[in-house]
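Colleague: No sequence on hand, only this structure:
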């Protein structure tokens, strides 16, 4: 079993500028087949923007996703972990803060993400969540894949 966040995290960072539109963020999520992006400037994490944030905090209220910025909708000042933190600490943070993803930050710079699915794959590979998380994404009919 993995002991440290670095052993289970997804490396690399997908981020948008604070002034990026929600459409830009959503298109990046689709192209990368991910459900969230970091909102960052000068390599520092300002927030996390999820597909759910876009849906519930903007689209459901009738906001124009072309004119609303990522920073206006994201969850600001997210809880973060370090690569050398214990996996159990990441689990505790997710539970305590009711979040499904944590940015991984080292020396103030984002270096990856750890998700509930990543933890499921590491801690209980035979679980239903691990099975779902490890599956190849489906292609939506009628939608061009990037």
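Modeller: Ah, there it is. Keep in mind it's a predicted model, so treat the numbers as computed, not measured.
Colleague: The residue nearest to the spatial centre of the chain and residue 3: what is the separation?
Modeller: Most central residue of the chain, judged by C-alpha distance to the mean C-alpha position with C-alpha atoms, centre = their mean, is residue 36 at 3.8 Å. Using C-beta to C-beta, to the nearest Å, one gets 25 Å for the distance from residue 36 to residue 3. In short, each C-beta sits where N, CA and C put it, glycine included.
Colleague: Go ahead and confirm the residue nearest to the centre of the chain touches residue 50.
Modeller: Yes - under the contact definition of C-beta atoms under 8 Å, residue 36 touches residue 50, with a separation of 4.4 Å.
Colleague: which strands and helices sit next to the helix or strand where residue 37 lies?
Modeller: Residue 37 is located in strand 36-41, with elements delineated by DSSP states H and E. Packed against strand 36-41, as judged by 3 or more C-beta pairs under 8 Å, 6 or more residues apart in numbering; DSSP states H and E, are the following elements: strand 15-16, helix 22-32, strand 44-50, helix 70-73, strand 109-115.
Colleague: ok, now with 10 Å
Modeller: strand 15-16, helix 22-32, strand 44-50, helix 51-53, helix 70-73, strand 75-76, strand 101-106, strand 109-115 (3 or more C-beta pairs under 10 Å, 6 or more residues apart in numbering; DSSP states H and E).
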